[in-house]
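Trainee: curious how this folds, go ahead:
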Amino acid sequence: MTQKVQGVGRRIAAFRKREGLSAQELAEDTGMSRSVIANIENGRRDDLTVTELLAISRALRVPPVAILFDVTKPMSPVPASNTGEEQVLRPRAIDVIDWVAGLDAPSQWSDDRASMEAELAENGPAVMPMTGMILEATYGESGWDAVRLLTVGRQLRTATEKHAQLTRDFAWYVRTGHFGWEPSSSEHLRLMDEVRDLTDIESASALEGFVVKVSKAAPDQAKEAERAVRRLRSSAQDMRELRGLLQSLGGDPSGSPDPTDESGFPAFGFEQVITLWSRTRFRFMRDLVEGQFDAAKYRTANQIHRAISAGKLRLKKGRGEAFGEDPEEAGGH
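Mentor: I've put the predicted structure just below:
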């Protein structure tokens, strides 16, 4: 097994220098030659074996994922190499890191999740369960920096997803008159624009106006409206603080997705499957194809593509968008 070196050498060199090691000392600690270390760091080696990765990780006292991926940009997208699924999954660095580590993402119970798990029980899984490896290590200075960045990245991810859910709930409740005041379409749009700006500005005059309007239209609902606004402001403040903390640790939060953008997948594990399932509304890819579909055999888009190429399955007309294809051309498969 090999791991393609794309920025890996630069990260190894950076961690080595922060640990105060020379290339020769790292070579001695890993049992590798100095020329091999130099070739890896300079990018002249185009692959890194798992054995070498673990040896270097242990010597530098950093988690292996901190060498494989840029932990300073945990919320930035990472292309899914060699899967053909870039258009479908679009994972972030923190998601890939947790996937490699065998960690499931934080999740909230929902009706969608209940329905998905009922289908899992009935039809079997559509994705392979995650597996991971725990490597004990005594983290040095650079190792602890990587761990801190990963931890804050996970906290920021959780805060982002929480704020996105609060925003969606608030938008729905306001639009349906749940608080006793029914806004016009233009009033609703202005209010939600203000809610989206909460992550960047302190003032929230539209939200204050919203509470006033609820108080006049339905005084008995005023307290609930105030609580909803406080929750939104609090979650936005949490996101601002975590982004600032990430920056103070040397991380870059600029890749953090818009919490109101439902097109981005939140994480690997159950949450990613739920989002995909909720968005396309197919029963684990059965509705995408014609032919003898076996959930145990066709778990990924690549497997379905291979079956289509082999003539075992046929992609239904108009369903190719789930694979990132043009819906107009999908019927030609």
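
Trainee: give me phi/psi at residue 316?
Mentor: phi -70, psi 150 (degrees, to the nearest 10).

Trainee: when you give positions from now on, start the count at 13
Mentor: Sure, I'll start numbering at 13, so the last one becomes residue 328.

Trainee: ok, so what distance separates it from residue 300?
Mentor: Applying CB to CB, to the nearest Å, one obtains 6 Å for the distance of residue 328 from residue 300. Glycine gets a C-beta too; all of them are placed from N, C-alpha and C.

Trainee: neighbour count winner among the two?
Mentor: Remark: of residue 328 and residue 300, residue 300 carries more neighbours, 25 against 15, as counted by other CB atoms under 10 Å.

Trainee: show me where the stretch 113-262 of the chain has its helices.
Mentor: Along the stretch 113-262 of the chain, the segments classed as helices by DSSP state H, counting those that start in this stretch run 123-135, 153-187, 197-208, 217-229, 234-260.

Trainee: out of those, flag the one nearest residue 89.
Mentor: Between residue 89 and the helices of the stretch 113-262 of the chain, the shortest separation by CB to CB is 13.1 Å, and it involves helix 153-187.

Trainee: please identify the buried residues of that closest one?
Mentor: By neighbour count, and taking 16 or more other CB atoms under 10 Å as the criterion, the buried residues in helix 153-187 are 154-155, 157-162, 164-176, 178-179, 182-183, 186.

Trainee: averaging pLDDT per element, find the lowest-scoring helix or strand in the protein.
Mentor: None of the helices or strands of the chain scores lower by mean pLDDT, DSSP states H and E than helix 98-101, at a mean of 45.

Trainee: quick one, what contacts residue 71?
Mentor: Contact analysis of residue 71 by CB atoms under 8 Å, 6 or more residues apart in numbering lists 33, 38, 41, 42.

Trainee: and it, how far from residue 85?
Mentor: As defined by CB to CB, residue 71 lies at a distance of 24 Å from residue 85.

Trainee: next up, identify which helix or strand residue 85 is on.
Mentor: Take DSSP states H and E as the rule and residue 85 turns out to sit in neither a helix nor a strand.

Trainee: tell me the phi and psi of the residue nearest to it when sequence neighbours are not counted?
Mentor: Of all residues beyond its chain neighbours, the one nearest residue 85 is residue 264 (4.7 Å), with distances taken as CB to CB, 6 or more residues apart in numbering. Comment: the main-chain dihedrals of residue 264 come out as phi -120, psi 110, following degrees, to the nearest 10.

Trainee: per-residue confidence for residue 92?
Mentor: Here the pLDDT value assigned to residue 92 is 55.

Trainee: now do residue 138
Mentor: 51.

Trainee: same question for residue 68.
Mentor: The pLDDT attached to residue 68 in the predicted structure is 95.

Trainee: and it, how many neighbours?
Mentor: Should you count by other CB under 10 Å, residue 68 turns out to have 23 residues around it.

Trainee: check contacts around it.
Mentor: Counting by CB under 8 Å, 6+ apart, residue 68 touches 24, 38, 42, 44, 52, 79.

Trainee: what sits against the residue nearest to residue 206 when sequence neighbours are not counted?
Mentor: Sequence neighbours aside, residue 218 is the residue nearest to residue 206 in space, at 3.6 Å (criterion: CB to CB, 6+ apart). Applying CB under 8 Å, 6+ apart, we find residue 218 in contact with 202, 203, 205, 206.

Trainee: just the buried ones among those, please.
Mentor: 203, 206.

Trainee: now, which of the contacts of residue 218 sits nearest residue 239?
Mentor: Relative to residue 239, and with distances defined as CB to CB, the nearest of those is residue 203, at 16.5 Å.

Trainee: my read: the closest one touches residue 220, true?
Mentor: No: the criterion here is CB atoms under 8 Å, and residue 203 misses it with residue 220 at 10.9 Å.

Trainee: outline the domain layout of the protein.
Mentor: Annotated domains of the chain cover 13-72, 153-267, 295-342 [automatic domain parsing].

Trainee: can you tell which of those is closest to residue 113?
Mentor: Closest approach to residue 113 among those (CB to CB): domain 153-267, 9.0 Å.

Trainee: now do that closest one, average pLDDT.
Mentor: 85.

Trainee: tell me the contacts of the closest residue to residue 28 other than its chain neighbours?
Mentor: Distances taken as CB to CB, 6+ apart put residue 38 closest to residue 28, at 5.3 Å, once the chain neighbours are dropped. Residue 38 makes contact with 28, 49, 68, 71, 72, according to CB under 8 Å, 6+ apart.

Trainee: among those, which are in helices?
Mentor: Counted as lying in helices by DSSP state H, out of the contacts of residue 38, are 28, 49, 68, 71, 72.

Trainee: now for those, which pair is the farthest apart?
Mentor: Every pair in those was compared (CB to CB); the two farthest apart turn out to be 49 and 72, at 11.1 Å.

Trainee: perfect, that will be all.
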